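>>> Pasted the sequence and its predicted model underneath.
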Amino acid sequence: MNIHESTYDVTFCTMIESRRQCRRRKNIKLFNKPIPVDHDEQYITLMKWMKEHGFNCKGCCLKPAVFSDTGRGLMTKKNLRPGDSIVEIPRHLLVTAKDILNTELGPIIKRQQQTPTPYQVVCAFLITERSKGKSSFWYPYINVLPKDFTTPAFGSTKQANFDVLPTIVRSRAINQLQDIRAAFETASCLFEDIERAFAQYRSVFSFDSFVWAWFVINSRSVYMEPSGCEAFDPKASDDFALAPFLDLLNHSPGAEVTAGFDPVSNCYRIKTLDSYHAYDQVFIHYGPHDNVNLLLEYGFVIPSNPHDAVSFELGAVVDAVKSQHDSPLPCRRTREVNDPWEFKAHTLKSANLDLDLSCSMSGPSWNLQTALRILCMEYNEIVTWKRVIAENNISPATNNLISMALHKLTTDEQEQTLSMLQKLDDGVCEENTDYVENVRMLWKERLDILRATQVELDPNG
Ligand SMILES: C[S@@+](CC[C@H](N)C(=O)[O-])C[C@H]1O[C@@H](n2cnc3c(N)ncnc32)[C@H](O)[C@@H]1O
């Protein structure tokens, strides 16, 4: 997560619960009642440790609980009104990359020829501190972190993990995994130096532990002003901090909060702008993420997510328009313009109109509408496409062509969606994990959007 100071968004991630928690979650699904877990040893230890280090336990209205729909989260012990502060974490319980320069790892980080990124530094910190077990100062915090994540990249050793994703999502997951691997590989000198300096860290820096630490940061850190520290790669973002306890807050697309570090009280504070009854789950807002983003970065999916959309590759949009033409496109061919479809695709790419080709519950995006309009243009219109779009003078025939192409696009996508849902029902993935459940929900939500788009096109069905 990343709660952005003054933008009111907090960005966080997912966890697969421990078996015990998982059983609990199944049990509470039956009763649909949240189960407070604040008396579990790990949370007692966490709260005691936080109290010893300046956290105002008495003033905190939240306690951990397991909820039937969202898993572990925080429950309020009293009614809350808009403007109420829900959590305040003292500065010295937050961890930024710069703070790690003051640990045993600091001298090694500072002498790296290739300056590491803050992400690599915080990964190194999490991996070494986790390996210390109970002897780590941070043990009470690390002990309540998820052991696993339900993001596609986290379980990427299983090929089926990616195979069950929509094509466009699969390529994003593959890119994400490549980025993480590249970050792991460029940090190898740092890790080797740490291992040379401290025998106890020998062999702790595996790719698996790096991916775990990566998703801890990705899904659970809050926004902090960049430190501008010279020990880090200046091109990489340095604007996040780990935030114990606060990172137990779940996301709701409708939640409103203000959040940020307050230099006067020297703590990171979140205030809710919503009302809650005692024993409700309190939510924050990680940002206006669609379900694909939520799955890739956090490992969960929101049913009826108002920010959700189905994106299409440019090739699929071109094919949908192409399929509406029985004969080759009536357009002047010149030496420069050999294939009119390629020319149109090129026109779209150079105007960035190959991006955000999507449909949501409110219909096709502006880019998708414009791309379809351009793809349906005659050659003489294309050369002045900006003017044609601005005039917005669409003939009924072109309008019909656009609608039919959109219908074809959404029908093809629906067929793929239904076929994948069938495969998932048939057990294409051997284990019915939380990851598979999330992927199934991702496809179902896509189906709803595609169907709504078609109803919009043809309300009489
Ligand atoms: C910052 S953590 C929040 C606390 C987390 N549930 C935990 O137990 O550690 C973010 C992760 O919580 C889960 N999460 C957050 N909001 C959720 C929601 N509305 N529904 C389901 N899972 C959610 C996701 O696994 C996400 O990656």
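Arrived safely, thanks for sending.
>>> going forward, measure contacts and count neighbours with C-alpha atoms only.
Fine.
>>> For the ligand, what's the nearest residue on the stretch 301-450 of the chain?
Ile302 (6.2 Å; Cα to the nearest ligand atom).
>>> show me what contacts the residue lying closest to that residue once chain neighbours are set aside?
Of all residues not flanking Ile302 in the chain, Asn291 sits nearest, at 6.4 Å (Cα to Cα, 6 or more residues apart in numbering). By Cα atoms under 8 Å, 6 or more residues apart in numbering, the contact set of Asn291 is Phe300, Val301, Ile302, Asn305, His307, Asp308, Ala309, Leu442.
>>> What is the neighbour count of the residue of the stretch 301-450 of the chain closest to the ligand?
Other residues within reach of Ile302 by the criterion other Cα atoms under 10 Å amount to 23.
>>> How many residues are close by Thr150?
Neighbour tally, Thr150, other Cα under 10 Å: 26.
>>> what residue lies at the spatial centre of the protein?
Nearest to the mean C-alpha position of the chain, by Cα atoms, centre = their mean, lies Glu297 at 2.9 Å.
>>> Look up phi and psi at that residue.
phi -90, psi -30 (degrees, to the nearest 10).
>>> buried ones in stretch 105-119?
Across stretch 105-119, burial judged by 16 or more other Cα atoms under 10 Å covers Leu105, Gly106, Ile109, Lys110, Thr115, Pro116, Thr117, Pro118, Tyr119.
>>> sorry, that was for stretch 39-56
Buried residues in stretch 39-56 (16+ other Cα under 10 Å): Gln42, Tyr43, Thr45, Leu46, Met47, Trp49, Met50, Phe55.
>>> Any chance of a markdown table for those residues, columns pLDDT and distance to the ligand?
Shown next, in a markdown table, are those (pLDDT from 0 to 100; distance: Cα to the nearest ligand atom, whole Å):
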| residue | pLDDT | distance to the ligand |
| --- | --- | --- |
| Gln42 | 98 | 13 |
| Tyr43 | 98 | 12 |
| Thr45 | 98 | 16 |
| Leu46 | 98 | 13 |
| Met47 | 97 | 15 |
| Trp49 | 98 | 18 |
| Met50 | 98 | 17 |
| Phe55 | 97 | 19 |
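>>> How far off centre is the helix or strand containing Asp193?
Using DSSP states H and E, Asp193 maps to helix 188-197. Centroid separation between helix 188-197 and its chain, computed with Cα atoms, centre = their mean, to the nearest Å, is 30 Å.
>>> And the contacts of that helix?
Leu105, Ile108, Ile109, Gln112, Pro116, Ala124, Tyr201, Arg202, Ser203, Phe205.
>>> Give me the neighbour count for Pro306.
16.
>>> Same check on Ala390?
Each residue near Ala390 was counted by other Cα under 10 Å, and the total is 8.
>>> Can you list the residue ranges for helices in the stretch 1-150 of the chain?
19-31, 41-52, 97-100, 106-110, 118-132, 139-142 (DSSP state H, counting those that start in this stretch).
>>> One more: the stretch 301-450 of the chain?
So, for the stretch 301-450 of the chain - with DSSP H, counting those that start in this stretch - the helices run 314-322, 340-350, 366-375, 379-382, 385-391, 396-425, 434-457.
>>> Can I get the ones you listed in TSV including distance to Cys189 and mean pLDDT?
As requested, the helices of the stretch 301-450 of the chain are exported to TSV (distance: least, Cα to Cα, whole Å; pLDDT from 0 to 100):
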stretch	distance to Cys189	mean pLDDT
helix 314-322	41	94
helix 340-350	39	89
helix 366-375	44	94
helix 379-382	53	78
helix 385-391	51	82
helix 396-425	42	93
helix 434-457	33	94
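>>> Out of those, which gets nearest to His285?
helix 434-457 (19.5 Å; Cα to Cα).
>>> Just the buried residues of that closest one, please?
Neighbour-count burial for helix 434-457 flags 434-436, 438-454 (criterion: 16+ other Cα under 10 Å).
>>> Okay, domains of the chain per the record?
2-298, 310-457 (automatic domain parsing).
>>> Tell me how far the first one lies from the chain's centre.
When you say that, I think you mean domain 2-298. Put simply, domain 2-298 sits 13 Å off its chain's centre (Cα atoms, centre = their mean).
>>> what does the protein put close to the ligand?
By the rule Cα under 6 Å from any ligand atom, the part of the chain lying against the ligand is 1, 12-15, 70-73, 219-220, 247-252, 298-300.
>>> Name whatever forms a beta bridge with Met75.
Lys63, Gln281 (DSSP bridges).
>>> ok, how many other residues are close to it?
Neighbours of Met75 using other Cα under 10 Å come to 25.
>>> Not counting sequence-adjacent ones, nearest residue to Leu357?
Leu368 is the one closest to Leu357 (Cα to Cα, 6+ apart), at 4.5 Å.
>>> Around the one you found, count how many other residues there are.
Neighbours of Leu368 (other Cα under 10 Å): 23.
>>> how near is it to Ser311?
9 Å (Cα to Cα, to the nearest Å).
>>> cool, Cys61 as well?
The gap separating Cys61 from Ser311 is 41 Å, by Cα to Cα.
>>> Ok, Ser136 next?
From Ser136 to Ser311 the distance is 45 Å (Cα to Cα).
>>> one step back: would you single out the least confident of the helices of the stretch 1-150 of the chain?
Ranked by mean pLDDT, those bottom out at helix 19-31, with a mean of 47.
>>> rewinding a little: which of the domains of the chain is buried the deepest?
Counting by mean count of other Cα atoms under 10 Å, domain 2-298 has the highest mean neighbour count of the domains of the chain, with a mean of 18.
>>> what sits against the closest residue to Leu314 other than its chain neighbours?
For Leu314, ignoring the flanking residues on the chain, the nearest one in space by Cα to Cα, 6+ apart is Asp354 at 5.6 Å. Listed by Cα under 8 Å, 6+ apart, the contact partners of Asp354 are Glu313, Leu314, Ala345, Leu348, Asn367, Ala371.
>>> Looking at those residues, point me to the pair that's furthest apart.
Distances among those were taken as Cα to Cα; the most separated pair is Ala345 and Asn367, at 13.1 Å.
>>> that older thread, make JSON lines out of the buried residues of stretch 39-56 and add distance to Leu190.
Shown next, in JSON lines, are the buried residues of stretch 39-56 (distance: Cα to Cα, whole Å):
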{"residue": "Gln42", "distance to Leu190": "32"}
{"residue": "Tyr43", "distance to Leu190": "33"}
{"residue": "Thr45", "distance to Leu190": "32"}
{"residue": "Leu46", "distance to Leu190": "30"}
{"residue": "Met47", "distance to Leu190": "33"}
{"residue": "Trp49", "distance to Leu190": "30"}
{"residue": "Met50", "distance to Leu190": "31"}
{"residue": "Phe55", "distance to Leu190": "33"}
